[in-house]
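*Asks:* dropping a prediction and its sequence here:
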Amino acid sequence: MSLSSRLRGGETVLSAWSSLPEPLTVEVLAHSAFDAVLLDMQHGGHDEQSVLHGLAMVLSAGKPPVVRIPVGRFDMASRALDFGAEAVIAPMINSAEDARKFAASMKYPPIGERSWGVFRASADYGAPGSNDYLTSANRDTLAFAMIETREAFDALDAILDVRGIDGVFVGPSDFSIAWSNGLEANPSSEAIIEPVTAIARKAAAAGKFAGIYAPTAEFARRYIPLGFQFLTLSTDGGYIRLGAQTIVDDIRA
């Protein structure tokens with residue numbers, strides 16, 4: 001089932017976060033308990049080549065693949081979709097104009113300016129000449145605009161109003177830096193709960209999705225009831241460290 005249909009059906013989707021640009025590591029994540037897998041190009045090690053190969057691993061496992069592009073790389077948003085991504089997260093969308101540029105790269109006309117060039121042989125583009133993929137892509141490929149600055153928060157209504165933006169995604173660490181005027185990077189800060197909750201509430205009122213990065217399970221449990229449907233959990237490096245620590249602690253106990 002696609003990420004779009006699961007979110008539209010009201011499900012809470014829990015995604016793995018892949019920073020290590022190694023297809024075999026991505027394959028392990030894709031065959032784990034996570035509902036989806038995100039490949040991070042902004043702060044993670046993924047580049048165009050590792051995204052191309054990593055998406056193949058996620059698709060072969062039957063999980064929805066998601067890509068976070070680098071800041072301003074809207075050309076990569078289109079390529080990620082051509083490679084098979086079902087959703088793209090764009091960081092530092094701070095204005096309606098940023099959102100329009102992002103949406104243009106994600107949607108075919110008349111909504112956007114995405115160029116036709118589907119690439120993935122295993123993806124279901126329909127029979128040649130059927131236009132199956134063309135008629136469904138604008139609905140089923142999701143554009144998430146990251147809200148992580150005061151500027152973005154102030155422009156939130158205008159960003160949500162942009163046609164082709166399907167949802168917003170909160171980066172709580174960057175948001176906490178902005179909200180504290182540079183005094184702390186604390187995703188669990190009590191000070192950001194109210195504005196972050198307002199982001200989810202406004203997204204829902206606009207008929208759009210709200211997602212958030214959750215560094216811990218406790219964080220996720222706190223924000224799911226506040227209206228966040230799509231959550232990415234910790235990182236692949238964190239899973240390895242946690243697993244190793246759990247095993248060692250269990251033996252030594």
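*Replies:* Received it, and whenever you're ready, just let me know what you need. It should be emphasised that the depicted structure is a prediction, and the values quoted were computed from it without experimental measurement. Numbering: from 1, shown residues only.
*Asks:* just the strands in this protein please.
*Replies:* Counting by DSSP state E, one finds strands in the chain at the ranges 13-18, 36-40, 65-68, 87-90, 142-147, 167-170, 209-214, 230-233.
*Asks:* name the surrounding residues that touch the fourth one.
*Replies:* The contact list for strand 87-90, computed with Cβ atoms under 8 Å, 6 or more residues apart in numbering, reads 3-4, 38, 64, 66-69, 74, 77, 80-81, 98, 102, 106, 141-146, 166, 169, 211. Glycine gets a C-beta too; all of them are placed from N, C-alpha and C.
*Asks:* could you list the low-pLDDT ranges of the stretch 51-200 of the chain?
*Replies:* Across the stretch 51-200 of the chain, the ranges flagged by pLDDT under 70 are 118-132.
*Asks:* 50 - rerun?
*Replies:* Applying pLDDT under 50 to the stretch 51-200 of the chain flags the ranges 121, 126-127, 129-130.
*Asks:* now the helices for it?
*Replies:* 74-83, 96-106, 132-140, 150-154, 156-160, 172-179, 193-205 (DSSP state H, counting those that start in this stretch).
*Asks:* need those helices in a markdown table with distance to G45 and mean neighbour count, can you?
*Replies:* Compiled in a markdown table, these are given as follows (distance: least, Cβ to Cβ, whole Å; neighbours: other Cβ atoms under 10 Å):
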| stretch | distance to G45 | mean neighbour count |
| --- | --- | --- |
| helix 74-83 | 15 | 21 |
| helix 96-106 | 23 | 22 |
| helix 132-140 | 28 | 15 |
| helix 150-154 | 26 | 17 |
| helix 156-160 | 29 | 18 |
| helix 172-179 | 18 | 21 |
| helix 193-205 | 28 | 17 |
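*Asks:* closest one to H43 among those helices?
*Replies:* Among the helices of the stretch 51-200 of the chain, helix 172-179 comes nearest to H43, with 10.1 Å by Cβ to Cβ.
*Asks:* residues touching the closest one, excluding its own?
*Replies:* 147-150, 153, 184-189, 191-192, 195-196, 212-213, 215, 219.
*Asks:* again, only using 7 Å
*Replies:* For helix 172-179, contacts defined as Cβ atoms under 7 Å, 6 or more residues apart in numbering pick out 148-150, 184-187, 189, 191-192, 195-196, 212-213.
*Asks:* which stretch among the helices of the stretch 51-200 of the chain comes nearest S19?
*Replies:* helix 172-179 (14.3 Å).
*Asks:* so the closest one versus helix 193-205, what angle?
*Replies:* Counting by axes from the mean of the first three to the mean of the last three Cα atoms, to 10 degrees, helix 172-179 points 110 degrees away from the direction of helix 193-205.
*Asks:* now the angle from helix 172-179 to strand 142-147?
*Replies:* Using the same axes, to 10 degrees: helix 172-179 against strand 142-147 is 40 degrees.
*Asks:* mind listing what S115 touches?
*Replies:* S115 neighbours (Cβ under 7 Å, 6+ apart): S78.
*Asks:* just to revisit the earlier point, just the buried ones from the contacts of helix 172-179, in ChimeraX syntax?
*Replies:* Per 16 or more other Cβ atoms under 10 Å, the buried members of those correspond to this ChimeraX selection:
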select :148,149,187,189,192,195,196,212,213
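*Asks:* got the contacts of helix 172-179 as a markdown table, with distance to A253 columns?
*Replies:* Putting the contacts of helix 172-179 into a markdown table (distance: Cβ to Cβ, whole Å) gives the following:
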| residue | distance to A253 |
| --- | --- |
| E148 | 40 |
| T149 | 44 |
| R150 | 46 |
| E184 | 34 |
| A185 | 33 |
| N186 | 31 |
| P187 | 30 |
| S189 | 33 |
| A191 | 37 |
| I192 | 36 |
| P195 | 41 |
| V196 | 37 |
| I212 | 34 |
| Y213 | 32 |
